[in-house]
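[1] here are the coordinates; sequence isn't available:
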């Protein structure tokens, strides 16, 4: 197959988007596991319905958070130089890079090799989110001028995410009630090591360590005020009031405040229900995989690697994400030397915090502390990666926003893993060799004492 024809096929499947691509993969995977075709079709289609519903709810969140964020930026008079263009732009940049056509087949082969050699338990079917790996490959290729170097870094990133997916799977499955699922997501997995450390530090601080803030406790203590619907409404009321109050006529700003408040309350209610539809589609596949493996692989455990969208519906993730919007903007104002306007990616903050939830036992208070501490270096990383992100965008023929000299994103543009691989280009083989060694050592240690690793990630045996 000619290179252009091959690229056209890849572009076609990627153009389908996750709501179509993932159900297709699930359907064929279910057939491999000997599920009945009719049942496999229905369950895959139901997963697609759930994913589309989830995207609609996330779209509702973004439609409200975007204007609120703009209002907050105007309220605080931010005049900064680097624009946060958001993850859709970062994904477009990644898939527009030359590395994107290589990372998908190479990533699948790597995953299969690690799976068949029993190193990993995760089958990463979330092909759409290979763009995170392509983004890293693209900025490394820009820095080195070598596409092979970019591919090496991208595959090391993919391997690291498979390790984190295996490590956190029991805790994620327990906390989110998602049996057989793991999350090899390049953005959501990034805070995990830091969250474990910060959570342990909180455990050593009197008073702070005793504050209980999980949704059930909040509901018991505050009654009606502790329900997800009311929590979302109140959080929306507070942040939208800061953004809109006094801006224009009172009918204008009051209407915006009320719409944002009700909409964010709706997000808190609707998102978990969309995740329930996803699970309705996943359970038949999980059962088929379990039966197949019991018969052919001596009860070997296999995880289905999915987009972190399936876990952002947890009330703690949504509540923390909403609270982090004004906190992130405040950090951008007060941090010395910062030149980034956080804007385009503020709506994806629930994705940043969702894998922190098992570690902090769904404690909203701890989740906000961990996320705030993690956001401080993330903002500086956004500054550091801006030049590389902008250069990769220009190379991918991405249209920069008007009057924008430099662009970035909270998502991969603020990801410490992306920064690590860009920094590695100063001594490519030495640093990437050390990264590979760390991954190998971590995996060996994990295999020897999985119970301990699972426990520190939030799993209760």
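    Now that the structure is in, tell me what you want to look at. Keep in mind the model is a prediction, meaning the values are calculated, not measured. Numbering: from 1, shown residues only.

[2] My read is that residue 123 contacts residue 115, right?
    Yes. Using Cβ atoms under 8 Å, residue 123 makes contact with residue 115 at a distance of 6.3 Å. For glycine as for every other residue, the C-beta is placed from the backbone atoms N, C-alpha and C.

[3] Find the residues that touch each one of these two.
    Both residue 123 and residue 115 are in contact with residue 302, where contact means Cβ atoms under 8 Å, 6 or more residues apart in numbering.

[4] Compare those two (neighbour count), which wins?
    Neighbour count, other Cβ atoms under 10 Å: between residue 123 and residue 115, residue 123 has more, with 21 against 17.

[5] Tell me who's in contact with that one.
    By Cβ under 8 Å, 6+ apart, the contact set of residue 123 is 29, 111, 115, 302, 303, 304, 305.

[6] ok, the fourth one to residue 169 distance?
    Spelled out, it's residue 302. Residue 302 is 10 Å from residue 169, where distance means Cβ to Cβ, to the nearest Å.

[7] Between these two, which is the more surrounded one?
    Using other Cβ under 10 Å as the criterion, residue 302 and residue 169 rank with residue 169 on top: 25 against 19.

[8] Next, the contact list for that one, please.
    Here residue 169 is in contact with 121, 122, 181, 182, 183, 303 (criterion: Cβ under 8 Å, 6+ apart).

[9] Which strand or helix spans it?
    According to DSSP states H and E, residue 169 maps onto helix 147-176.

[10] Sheet partners, orientation included, of the helix or strand just after that helix?
    Sequence-wise, the next helix or strand downstream of helix 147-176 (DSSP H and E) is strand 181-182. Sheet pairing for strand 181-182, assigned by DSSP bridges, gives strand 303-305 (parallel).

[11] The partner strand: what's the following helix or strand?
    Downstream of strand 303-305, the first helix or strand assigned by DSSP H and E is helix 315-334.

[12] quick one: that next one to helix 147-176, angle?
    In terms of direction (axes from the mean of the first three to the mean of the last three Cα atoms, to 10 degrees), helix 315-334 departs from helix 147-176 by 130 degrees.

[13] buried sites along helix 315-334?
    315-329, 331-332 (16 or more other Cβ atoms under 10 Å).

[14] Could you point out the helix or strand that follows that helix?
    Counting by DSSP H and E, what follows helix 315-334 is strand 340-341.

[15] Pull up the pairing partners for that next one, direction included.
    Short version: by DSSP bridges, strand 340-341 pairs with strand 82-84 (parallel).

[16] Quick one: name whatever helix or strand follows the partner strand.
    helix 87-96.

[17] and that next one, which residues are buried?
    87, 89, 90, 91, 92, 93, 94, 95, 96.

[18] Not counting it itself, show me its contacts.
    Contact partners of helix 87-96, identified using Cβ under 8 Å, 6+ apart, comprise 14, 100, 131-132, 134-135, 138, 187, 344-345, 348, 389, 392-393, 395-398, 407, 409-413.

[19] tell me the mean pLDDT for it?
    Average pLDDT, helix 87-96: 73.

[20] Same check on stretch 126-144?
    Mean predicted confidence for stretch 126-144 is 87.

[21] where's it relative to the chain centroid, distance-wise?
    The chain centroid and the centroid of stretch 126-144 are separated by 15 Å, computed with Cα atoms, centre = their mean, to the nearest Å.

[22] Next: stretch 369-385.
    Centroid separation between stretch 369-385 and its chain, computed with Cα atoms, centre = their mean, is 15 Å.

[23] Name the residues of that stretch that come out as buried.
    Buried, per 16+ other Cβ under 10 Å, within stretch 369-385: 369-375, 378-385.

[24] Kindly confirm my reading that residue 123 is in a strand.
    Yes. According to DSSP: H, G, I helix; E, B strand; the rest coil, residue 123 belongs to a strand.

[25] Let me know the closest of the contacts of residue 169 to residue 255.
    residue 183 (38.2 Å; Cβ to Cβ).

[26] Got the confidence number for the spatially closest residue to that closest one that is not a sequence neighbour?
    Sequence neighbours aside, residue 308 is the residue nearest to residue 183 in space, at 5.0 Å (criterion: Cβ to Cβ, 6 or more residues apart in numbering). Looking at residue 308, its pLDDT is 85.

[27] same deal with residue 223?
    Here the pLDDT value assigned to residue 223 is 59.

[28] And the one 10 residues further on, by the same measure?
    Residue 233 is assigned a predicted lDDT (pLDDT) of 83.

[29] Now, the contacts of helix 87-96 that are in strands?
    When DSSP state E defines the strands, the subset of those inside them is residue 407.

[30] Now restrict the contacts of helix 87-96 to buried residues only.
    So, by 16+ other Cβ under 10 Å, the buried ones in these are 14, 100, 131-132, 134-135, 138, 187, 344-345, 348, 389, 392-393, 395-396, 398, 407, 409-413.

[31] residue nearest the centroid of the chain?
    residue 188 (3.3 Å; Cα atoms, centre = their mean).

[32] ok, back up a step: can I get the buried part of the contacts of residue 169 as one ChimeraX selection?
    To isolate in ChimeraX the members of the contacts of residue 169 that are buried, counting by 16+ other Cβ under 10 Å, one can use:
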select :121,122,181,182,183,303
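
[33] Closest one to residue 445 out of the contacts of residue 169, please.
    Nearest to residue 445 among the contacts of residue 169: residue 121, at 16.0 Å, using Cβ to Cβ.

[34] quick one: contacts for residue 318?
    Here residue 318 is in contact with 228, 232, 267, 268, 271, 312, 350 (Cβ under 8 Å, 6+ apart).

[35] what is the orientation angle of whichever strand or helix holds residue 254 with helix 315-334?
    Using DSSP H and E, the element containing residue 254 is helix 250-296. Here helix 250-296 points in a direction 130 degrees away from that of helix 315-334 (the same axes, to 10 degrees).

[36] Could you measure from the residue nearest to the centre of the chain over to residue 301?
    The gap separating residue 188 from residue 301 is 22 Å, by Cβ to Cβ.

[37] Isn't residue 413 up against residue 387?
    No. In this structure, residue 413 is not within contact of residue 387 by Cβ under 8 Å, at 10.8 Å.

[38] hmm, what's the outermost residue in this structure?
    The chain, Cα atoms, centre = their mean, max distance from centroid: residue 249 (38.2 Å).

[39] Quickly note the distance from the closest residue to residue 325 other than its chain neighbours to residue 25.
    Among residues not flanking residue 325 along the chain, residue 346 sits closest, at 5.1 Å (Cβ to Cβ, 6+ apart). As judged by Cβ to Cβ, residue 346 and residue 25 stand 30 Å apart.

[40] neighbour-wise, which of the two wins?
    When neighbours are counted by other Cβ under 10 Å, residue 346 comes out ahead of the other of residue 346 and residue 25, with 25 against 20.
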